[in-house]
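K.L.:
predicted model follows, preceded by the sequence.
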Amino acid sequence: MNDAMRIYRSGLGLALLVLAGFLIYWLRPILTPFLAGALLAYLGDPLTRRLQRLGLNRTLAVSFVFLGLTALTAAVVLMFIPLIGRQINMLQSQLPAMLEWAQSQAIPWLEQTLGVDPATFDLAALRTAISEHWQSTGNVAAEVIQRLTRSGLALAGALASLALVPVVAFYLLRDWDRVLAAALDTLPPAWRETVARLARECDEVVGAFLRGQLLVMISLGIFYGLGLWLVGVQLGLLIGLLSGLAAVVPYLGFIVGIAAASVATLFQFNEWLIPLLLVWVVYGAGQVLESAVFTPLFVGDRIGLHPVVVIFAVLAGGQLFGFAGVLLALPVAAVIAVLLRHAHAFVTG
């Protein structure tokens, strides 16, 4: 009877897990504000706990964390958004000249040095497409706002979703321990210790990517942006930002950044050798800092995910669930990696 009951409970748990997956898929259009709020609560929980250890109660600690996040967000918007906007406008104005430079200098050099057929690069068609569509891409935000304002219902829904994010984050962060305890209490008693242990291990992996890697990306983006600005690269801030964002996958930020910065340097400077060497020094120093300082400091020796797993998880999450899937991708991949490792250890004995 006990064996039959265990089989029944295991089957019921598996069925509930599958049902939860289907519910997430069916409800994906409305999940984004809740997932974004949960993500903010998860990221803010360690700082809230530190404030509690200083003697603040949970609600007051959460309030201070929210005030800090609000001030930080306002500072970023006021300082960096205008700068990035000017960089994009500069890129918009320089792109046709960059294509002309590639046609007249870069491609002939490739032809002479590597024997590349110039017919491989149809830059004329690319230049025509950019000239036809680039102006419209600069007004994407204005077009989205214009379309939203045409429909009062769509505008109300967008504003409601945006307003839900801080509300959900505040209440989840305030009641984080109670939410976790309530979720654990819904499980059969025999499962609770194992699930709690797995949850702690999953938190270690997820925290390494959502907290640690986020700080690494921000640090690298700031370092590359300031370094390229000191070298004198006009698009340095934009390239540094892209390098930091791409650093979610190890070495991808370095590859994307050094390639883009090298092209921008060759185009901008007539005497390009010294600036190009300085750009390479900036990215070389960034790699040393990432390996020797940023990653050990922010991520430590916690278990990570393979870069291929990160790429696949983000793309698969976006394909299945849209933006909500992107938010879920890395946490779910980290949890699956932990569960698969324990399953392998259980099977192999």
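P.N.:
Nice, thanks for sending it over. Residues are numbered from 1 along each chain as shown.
K.L.:
ok, residue 211 to residue 177 distance?
P.N.:
According to Cβ to Cβ, to the nearest Å, residue 211 stands 18 Å off from residue 177. The C-beta positions use only the backbone N, C-alpha and C, and glycine is treated the same way.
K.L.:
neighbour count winner among the two?
P.N.:
Between residue 211 and residue 177, counted using other Cβ atoms under 10 Å, the more crowded position is residue 211 (19 against 11).
K.L.:
which residues are in contact with the more buried one?
P.N.:
Applying Cβ atoms under 8 Å, 6 or more residues apart in numbering to residue 211 gives the contacts 43, 46, 298.
K.L.:
how does it look with 10 Å?
P.N.:
42, 43, 44, 45, 46, 47, 298, 299, 302 (Cβ atoms under 10 Å, 6 or more residues apart in numbering).
K.L.:
so how far is residue 198 from it?
P.N.:
Going from residue 211 to residue 198 by Cβ to Cβ gives 19 Å.
K.L.:
before we move on, back to that, for the contacts of residue 211, which one is nearest residue 317?
P.N.:
Taking Cβ to Cβ as the measure, residue 317 lies nearest residue 42 of the contacts of residue 211, at 16.4 Å.
K.L.:
what's around that closest one, how many residues?
P.N.:
19.
K.L.:
before we move on, the earlier item: looking at the contacts of residue 211, which has the most residues close by?
P.N.:
Busiest of the contacts of residue 211 [other Cβ under 10 Å] is residue 44, holding 22 neighbours.
K.L.:
need the three-state assignment for that residue.
P.N.:
The three-state assignment at residue 44 reads helix, by DSSP: H, G, I helix; E, B strand; the rest coil.
K.L.:
ok, it touching residue 69?
P.N.:
Yes - using Cβ atoms under 10 Å, residue 44 is in contact with residue 69, at 7.0 Å.
K.L.:
any residues in contact with both of those two?
P.N.:
Joint contacts of residue 44 and residue 69 (Cβ under 10 Å, 6+ apart) are residue 169.
K.L.:
tell me the contacts of residue 43?
P.N.:
If a contact means Cβ under 10 Å, 6+ apart, then residue 43 has 65, 69, 169, 173, 207, 210, 211, 214 as its contacts.
K.L.:
ok, now with 6 Å
P.N.:
Contacts of residue 43 were listed using Cβ atoms under 6 Å, 6 or more residues apart in numbering, and none were found.
K.L.:
measure it to residue 245 for me?
P.N.:
17 Å.
K.L.:
residue 329 too?
P.N.:
Noted for residue 329: a distance of 15 Å to residue 245, by Cβ to Cβ.
K.L.:
who has more neighbours, these two?
P.N.:
Set residue 329 next to residue 245 and count neighbours by other Cβ under 10 Å: residue 329 wins out with 22 against 16.
K.L.:
leaving out sequence neighbours, find the closest residue to that one.
P.N.:
Counting by Cβ to Cβ, 6 or more residues apart in numbering, residue 317 is the residue found nearest to residue 329 once chain neighbours are left out, at 3.2 Å.
K.L.:
the one you found touches residue 330, doesn't it?
P.N.:
No - Residue 317 sits out of contact with residue 330 when judged by Cβ atoms under 6 Å, with a separation of 8.2 Å.
K.L.:
burial count for residue 315?
P.N.:
Around residue 315 there are 13 residues (other Cβ under 10 Å).
K.L.:
hmm, I was thinking of residue 311
P.N.:
Using other Cβ under 10 Å, the number of residues around residue 311 comes to 15.
K.L.:
residues contacting it?
P.N.:
Here residue 311 is in contact with residue 249 (Cβ under 6 Å, 6+ apart).
K.L.:
please apply the same query to residue 331.
P.N.:
residue 206.
K.L.:
distance check, it against residue 190.
P.N.:
Separation of residue 331 from residue 190 (Cβ to Cβ): 26 Å.
K.L.:
over to residue 182?
P.N.:
Taking Cβ to Cβ, one finds residue 182 at 18 Å from residue 190.
K.L.:
kindly report the same for residue 45.
P.N.:
Taking Cβ to Cβ, one finds residue 45 at 28 Å from residue 190.
K.L.:
and the longest helix along the chain, how far out from the chain's middle?
P.N.:
The longest helix of the chain (DSSP state H) is helix 58-101. Relative to the mean C-alpha coordinate of its chain, helix 58-101 is positioned 15 Å out (Cα atoms, centre = their mean, to the nearest Å).
K.L.:
do the same with stretch 161-177
P.N.:
The chain centre lies 20 Å from the centre of stretch 161-177; the measure is Cα atoms, centre = their mean.
K.L.:
for that stretch, C-alpha coordinates in PDB please.
P.N.:
Extracted C-alpha coordinates of stretch 161-177, given in PDB (Å, rounded to 0.1, in the frame of the first residue of the first chain):
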ATOM      1  CA  SER A 161       1.500  46.200 -17.000                       C
ATOM      2  CA  LEU A 162       4.200  48.700 -16.400                       C
ATOM      3  CA  ALA A 163       2.600  49.800 -13.100                       C
ATOM      4  CA  LEU A 164       2.300  46.200 -12.000                       C
ATOM      5  CA  VAL A 165       6.000  45.500 -12.100                       C
ATOM      6  CA  PRO A 166       7.000  47.600  -9.000                       C
ATOM      7  CA  VAL A 167       3.900  46.600  -7.100                       C
ATOM      8  CA  VAL A 168       4.500  42.900  -7.600                       C
ATOM      9  CA  ALA A 169       8.200  43.300  -6.900                       C
ATOM     10  CA  PHE A 170       7.500  45.200  -3.600                       C
ATOM     11  CA  TYR A 171       5.000  42.600  -2.200                       C
ATOM     12  CA  LEU A 172       7.100  39.600  -3.300                       C
ATOM     13  CA  LEU A 173      10.200  41.100  -1.800                       C
ATOM     14  CA  ARG A 174       8.500  41.900   1.400                       C
ATOM     15  CA  ASP A 175       6.900  38.400   1.800                       C
ATOM     16  CA  TRP A 176       9.800  36.500   0.100                       C
ATOM     17  CA  ASP A 177      10.400  34.100   3.000                       C
END
